[in-house]
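1. any chance you can model this:
(2 chains)
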Amino acid sequence: MKNNIDKKDHRINELYTKSMNLLYRRTNKLFAILLIIQWIFGIIVALWISPKTWAGVYSQPHIHVWAAIFLGGAIIIFPLALIIKKPGAPITRHAIAVAQTLYSALLIHLTGGRIETHFHVFGSLAFLSFYRDWKVLITASVVVTVDHFLRGLYFPQSVYGILVVEPWRWLEHAGWVVFEDIFLIISILQSKKEMISIAIKQIELEVVNKKIEDKIKERTKELQFSNEELIKLNKVMIGREERIIELKNEVKKLHEELPNH
Amino acid sequence: MPEEKIKSKKSFVLGFGIAWLFLVCLGLWTLIQYENFPGTAGTPPLKWPNSSIIKPSENLPTLVLFAHPKCPCTRATINELTKIITHCKNEVKTYVVFYKPNGYPSKWARTDLWFKALNIPGIIVINDNGNEIRRFHVYTSGQSILYDTKGQLLFSGGITGARGHNGNNIGRQTIISLLKTGKSNVSKASVFGCPILNRKSNI
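-> Take a look at the predicted model:
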């Protein structure tokens, strides 16, 4: 009995792990496309908003253009390599989380701190929840929090528009990230429960299917046996019929011979 | 694959990851440093220069913003100026002076920034070949100078918090405070933008 339960648990674990691996690989592909599109988008934004820096009548390419091409490229290259080489590994998901949030920071800089670009952070957290791995959300949130903490400490004017460092202001920004995280994590845990439930149902289906298959095999054997018996009987019957015909012919012959005597 | 080789491979990937994170963060930090590095602050005269062709108001404070028409960071400055005018409508006379070098056609200066400034209600847009820029000792695009009705300097500085960044900033808050209450603890702010004139050739 214990052996059966262990086998069942093992099978549940197997199915669940297989589903999660498929999910990771599928989400990796989505992120690979997204990271590349974002990189191209960043370059377009830099070329459109701040293509050149000027001094009088002289100009040269703006640092934003180089940042979009090279820094943006550097941000995405490591996670892309991991997607190819280690598609199911946790380090891949975490690297993507870090890259996605760092890219949010870069995009915000490229667009001149536009409020609207900050939505990219919250959108990214939602996309990262596709992995159904709450630890990935924590990684992304830590990156956002550290970014705000450090910039609030060293460049408070650029983040909050004030000269004086407010030591706890970063908590307000982090708080909104945590707010979203709570709901996403609840959703992730519910989805995982559903996946386990699906795995259990699949196993039950497998058991039922196996029972039906076994019964079919049994019946098929029985049918085969009956068929063989029937064939044997048929042969015997045919043999008897032939014998009867032989006997009839002999009797006929005898009849024909008898009147002559 | 033997366990030792797997461990070694994992360590390699982790080490590479840490190096990647460090380099990327260094790149972002460099970008942040650039964006928070102000341009050369101008030293405008404490009293309105009489030789200026820009006429100050006698009834209202006068605000003059100097801009390079092609400076991408000044886009945010113009946005911030719009917010100041929105808050302080009819409380200030405002000029936006765009650099237009001699020998260049008008359309050189008529960029989206130029038209954006022109569309702000009540703003007077002037093209300047550098004379007024030098008269007011302005070096960096985005420098805003506020004088009171007596021609005394009240504030000189930028009205953005970092290069090309919109949002709350000391310059905007100071100007609004001065226009609304006549008071402020601040009289200067960093200016974030391109050099208006090229230092070597002064054009």
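2. what's the pLDDT at the closest residue to chain A within chain B?
-> Here the residue of chain B nearest chain A is B:N168; by C-beta to the nearest C-beta that distance is 2.4 Å. The way it works is simple: take the backbone N, C-alpha and C, and place the C-beta from them, glycine included. Looking at B:N168, its pLDDT stands at 86.
3. please apply the same query to B:I54.
-> For B:I54, pLDDT reads 95.
4. isn't it up against B:V97?
-> Yes - using C-beta atoms under 8 Å, B:I54 makes contact with B:V97 at a distance of 7.2 Å.
5. who has more neighbours, those two?
-> With neighbours defined as other C-beta atoms under 10 Å in any protein chain shown, B:I54 and B:V97 compare such that B:V97 has more, 23 against 17.
6. show the average pLDDT along the longest helix seen in chain A.
-> As assigned by DSSP state H, the longest helix anywhere in chain A is helix A:169-260. When pLDDT is averaged along helix A:169-260, the result is 92.
7. from the chain's centroid, how far away is that helix?
-> 33 Å (C-alpha atoms, centre = their mean, to the nearest Å).
8. I'd like to know which elements it is packed against.
-> Applying 3 or more C-beta pairs under 8 Å, 6 or more residues apart in numbering or on different chains; DSSP states H and E, one finds that helix A:169-260 contacts helix A:2-49, helix A:119-128, helix A:134-154.
9. just the angle for that helix relative to helix A:2-49, thanks.
-> Helix A:169-260 runs at 130 degrees relative to helix A:2-49, counting by axes from the mean of the first three to the mean of the last three C-alpha atoms, to 10 degrees.
10. next, the angle helix A:134-154 makes with helix A:169-260.
-> Using the same axes, to 10 degrees: helix A:169-260 against helix A:134-154 is 160 degrees.
11. show the pLDDT at residue 127.
-> Answering for chain A, as no chain was given. pLDDT at A:F127 comes out at 96.
12. please refer instead to chain B.
-> Per-residue confidence (pLDDT) for B:N127: 96.
13. do the one 3 residues further on as well
-> For B:G130, the pLDDT comes out at 94.
14. could you tell me the angle between the lengthiest helix in chain B and helix A:134-154?
-> Taking DSSP H as the criterion, chain B has its longest helix at helix B:3-35. With the same axes, to 10 degrees applied, the angle from helix B:3-35 to helix A:134-154 works out at 30 degrees.
15. just how off-centre is helix B:3-35 within its chain?
-> So, by C-alpha atoms, centre = their mean, the centroid of helix B:3-35 is 35 Å from its chain's centroid.
16. which residues touch the closest residue in space to B:G39 that isn't next to it in sequence?
-> Sequence neighbours aside, B:T140 is the residue nearest to B:G39 in space, at 3.1 Å (criterion: C-beta to C-beta, 6 or more residues apart in numbering or on different chains). Under the criterion of C-beta atoms under 8 Å, 6 or more residues apart in numbering or on different chains, the neighbours of B:T140 are B:P38, B:G39, B:T40, B:A41, B:G42, B:G158, B:V191, B:F192, B:G193, B:C194, B:P195, B:I196.
17. hey, what's B:T140 bridged with?
-> Counting by DSSP bridges, B:T140 is bridged to B:P195.
18. quick check: it vs B:C194, distance?
-> 7 Å (C-beta to C-beta, to the nearest Å).
19. again with B:H87
-> Noted for B:H87: a distance of 27 Å to B:C194, by C-beta to C-beta.
20. which parts of chain B are helices?
-> B:3-35, B:74-87, B:106-109, B:112-118, B:131-135, B:170-181.
21. report the buried residues of the third one.
-> For helix B:106-109, the buried set under the neighbour-count rule, 16 or more other C-beta atoms under 10 Å in any protein chain shown, comprises B:W108, B:A109.
22. try the fifth one
-> Using 16+ other C-beta under 10 Å as the test for burial, helix B:131-135 gives B:E132, B:I133, B:R135.
23. do I have it right that the first one meets B:V97?
-> In other words, B:E132. Yes - counting by C-beta under 8 Å, B:E132 touches B:V97, with 5.7 Å between them.
24. all set now, cheers.
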